[in-house]
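A.B. asks: from the sequence below, what's the structure:
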Amino acid sequence: MKIALAIEYDGSAFRGWQAQACGQTVQNTLQQALAQVAQENITTTAAGRTDAGVHAALMPVHFNSNAKRQPSMWVRGCNAHLPATVKVLWAKPVQENFHARYSAQRRYYQYILLNRPTPPGLFANAIGYCHADLDVPAMRRAARSLRGEYDFSAFRAAACQAKTSVRQLHYLRIRQRGQWIVFDFCGNGFLHHMIRNIVGALLYVGRKRRSVPWLRELRLSGDRTLAPPTAAASGLYFNGASYEQQHQLPSCYRPAPLPLAGSRSVQQVS
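C.D. replies: Presented below is the predicted three-dimensional model:
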């Protein structure tokens, strides 16, 4: 039987999603909990692979099991064996052709930034931070040059193992409410560190260290060495993915549960 489930997690204490020998990853932790419920070894596949310190408001996952359990048993049983920072939101049997990663048509991320002179005391491991005044309108104008299907090599980590650096960015929206700034990303897929590198570049534009046209020039250069530093992992959230209706999944999108991120101005996605 193939089961799909959705989890949320605080990535602060984990070395990312992907299973490692050290065992200190979200995938390792989830598989151990599922194994307790199924009484057999479980291998999971997720819609995305988050880095160390990155969070998920909703990460779709699938796995196969010989165990016969009600969906509620997968949820409650698994949560009983998970730490407080990782929880299953829902579980559902799916057809064999469903794949959490390859069936995903779009993926959604948010980067949450606190913009004020003093660093955060609250949410310190849950947000990004910039002390300098930011020109948000300039950042929005610069972001327009990234929307579409392009080679994003200039925003790709050196360790990225993707076969191609071409990705389609459906939208990049920047919203502000007081000291909070949220970057909303939607694309068919993202390269290693791509979002955090884009945010780092936009912050240089916002701080007037680079011009609005410079971001397009950086994209066209394809040269990561010309780009500014990568934004902190603490501000990044995986918010879900969209799938064809034939899979009949519960909601696979959820905004990050922090100020502004969950406001009504966020476009509803199915």
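A.B. asks: give the contact list for the spatially most central residue of the chain.
C.D. replies: For the chain, the residue sitting closest to the mean C-alpha position, by Cα atoms, centre = their mean, is F238 at 2.2 Å. Going by Cβ atoms under 8 Å, 6 or more residues apart in numbering, F238 touches 47-48, 50, 54-59, 107-109. (Each C-beta comes from the backbone N, C-alpha and C, glycine too.)
A.B. asks: now swap in G187 and tell me
C.D. replies: 106-107, 167-170.
A.B. asks: from the contacts of F238, which land in strands?
C.D. replies: Among the contacts of F238, the members falling in strands (DSSP state E) are 55-59, 107-109.
A.B. asks: got the buried residues for stretch 109-129?
C.D. replies: Going by neighbour count (16 or more other Cβ atoms under 10 Å), the buried part of stretch 109-129 is 109-115, 126-129.
A.B. asks: narrow the residues you listed to those in strands?
C.D. replies: Counting by DSSP E, the part of these found in strands is 109-115, 128-129.
A.B. asks: rewinding a little: now name the helix or strand holding the residue nearest to the centre of the chain.
C.D. replies: Taking DSSP states H and E as the definition, F238 sits inside strand 236-242.
A.B. asks: nearest residue to T29 in space, please, no chain neighbours.
C.D. replies: Leaving aside its sequence neighbours, T29 sits nearest to V86 (Cβ to Cβ, 6 or more residues apart in numbering; 5.8 Å).
A.B. asks: for that neighbour, what are its contacts?
C.D. replies: Per Cβ under 8 Å, 6+ apart, neighbours of V86: 7-10, 26, 29-30.
A.B. asks: and which of the residues you listed is nearest V136?
C.D. replies: Nearest to V136, judged by Cβ to Cβ, of the contacts of V86 is D10 at 27.3 Å.
A.B. asks: the closest one touches F123, doesn't it?
C.D. replies: No - at 10.8 Å, D10 and F123 do not qualify as touching, with contact defined as Cβ atoms under 8 Å.
A.B. asks: rewinding a little: show me the beta-bridge partners of the residue nearest to the centre of the chain.
C.D. replies: A56, Y109 (DSSP bridges).
A.B. asks: could you report the pLDDT at it?
C.D. replies: For F238, the model assigns a pLDDT of 97.
A.B. asks: gap between it and R207?
C.D. replies: From F238 over to R207 the distance is 27 Å, taken as Cβ to Cβ, to the nearest Å.
A.B. asks: pLDDT at S263, what is it?
C.D. replies: With respect to pLDDT, S263 scores 49.
A.B. asks: which residue is the nearest non-sequential neighbour of F14?
C.D. replies: Nearest non-adjacent residue to F14, counting by Cβ to Cβ, 6+ apart: V26, 5.2 Å away.
A.B. asks: residues contacting N188?
C.D. replies: Residues near N188 by Cβ under 8 Å, 6+ apart: 105-107, 167-168, 170.
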